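[1] can you look at this prediction? I've put the sequence above it.
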Amino acid sequence: MAKEIEKWEKKEGIKFLKKIGIKPNQIILDFGCGKGNYSIPAARIVNKEGIVYALDKNSETLIQLEKKIKKEDLTNVKAIKSSKKSETNLKDNSIDIVLLYDIIHLVGENDSSALKDRKKLYKEIYRVIKPSGLVSVYPTHLESHTDVNSVEDIKKEIEDAGFRLEEEFSEELLHDGNMVNGRILNFRKR
C-alpha cells in the first residue's frame, strides 16, 4: 500500500489533478485533506509560487502530513487545523481550486444536521473561491453515511449553493489507500 501511495503522489496523482485543472502558480484548498494524498501531488503541480492549503480537523493526520511535507521538502503546503466544521479562515475570493474529495459524507454529525452543515460548507467554499474558481468533488459513501441517496442529490445541493456543474467524469484515483474508479464532479462559481 505504501508503494501505491508513493506512486500516486509522485506520478498518477499529478496526472489526475492536472486533468481536473490544477496548474502552476495556483492556490488550492484541499478541504478534509487527511494524510495529504491529494495535497502532496497538488503541491508538486503548483510549484513554489503556488500554495496548497491542507485543511483538516484531525490533528493526528495533520501531524503525519507535516512530517511528509518536511521529508519531501515541500514548502508550499500549509497545514491548517480546522476548529469548526466549515470554517477555513481564508480570505474571500482567494482560492483557485477547492478539492472536496471523500469528505461530503462526513459533514454533519447526524442526519438531522447534515444538510444544514453541508450548506454552511458550500457557503464557505463560495466565499473563498475566486469568481472563476473550480470546485472538484469526489462524493463517496453517500448512501451509508448521510441523509442523501445519490450523487444527484449532492449535485443539486451544490448547484443550489451558487455553482454550476461544468464537467462530470470517471477516473482512476486513490481512495482509502487503494486505486478505484471514482466519479468526479467539477463545478464553477456562478
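    Ah, there it is.

[2] any idea how far stretch 78-97 is from the middle of the chain?
    11 Å (CA atoms, centre = their mean, to the nearest Å).

[3] typo on my end, stretch 39-55
    12 Å.

[4] remind me which residues of the chain are low pLDDT?
    Scanning the chain with the threshold set as pLDDT under 70 gives 84, 108-112, 144-146.

[5] in it, which spans are helices?
    Using DSSP state H, the helices of the chain run over 2-7, 13-20, 39-46, 59-71, 111-128, 142-145, 151-160.

[6] contact partners for the residue most central in space within the chain?
    For the chain, the residue nearest the mean C-alpha position is L99 (2.3 Å; CA atoms, centre = their mean). By CB atoms under 8 Å, 6 or more residues apart in numbering, the contact set of L99 is I28, L29, D30, F31, Y38, A42, S136. Using the backbone N, CA and C atoms, a C-beta is placed for each residue, glycine as well.

[7] got the contact list for the closest residue to it other than its chain neighbours?
    Spatial nearest neighbour of L99, chain neighbours left out: D30 (4.7 Å); criterion: CB to CB, 6 or more residues apart in numbering. The contact partners of D30, taken as CB under 8 Å, 6+ apart, are G36, Y38, S39, A42, V52, Y53, A54, L55, L99, Y101.

[8] P139 now?
    P139 makes contact with I104, H105, V151, I154, R183, L185, according to CB under 8 Å, 6+ apart.

[9] so what's the residue count around the nearest residue to H141 once chain neighbours are set aside?
    Distances taken as CB to CB, 6+ apart put H105 closest to H141, at 4.2 Å, once the chain neighbours are dropped. Residues contacting H105 under the criterion other CB atoms under 10 Å number 18.

[10] what does K11 give?
    When neighbours are counted by other CB under 10 Å, K11 registers 12.

[11] for I5, see how far away it is.
    Using CB to CB, to the nearest Å, we find K11 at a distance of 11 Å from I5.

[12] ok, now K156?
    Shown here: K156 relative to I5, a distance of 33 Å by CB to CB.

[13] now E157
    Distance from E157 to I5, by CB to CB: 31 Å.

[14] go on, L100?
    20 Å.

[15] okay, now V180: neighbour count?
    Count around V180 with other CB under 10 Å applied: 12.

[16] again, but for S136
    With other CB under 10 Å as criterion, S136 counts 21.

[17] skipping adjacent residues, who's closest to P131 in space?
    According to CB to CB, 6+ apart, the nearest residue to P131 is K189 (5.9 Å).

[18] does the one you found touch Y122 like I think?
    No: if you go by CB atoms under 8 Å, K189 and Y122 don't touch, sitting 10.8 Å apart.

[19] and those two? Which one has more around it.
    More crowded of K189 and Y122, by other CB under 10 Å: Y122, with 23 against 18.
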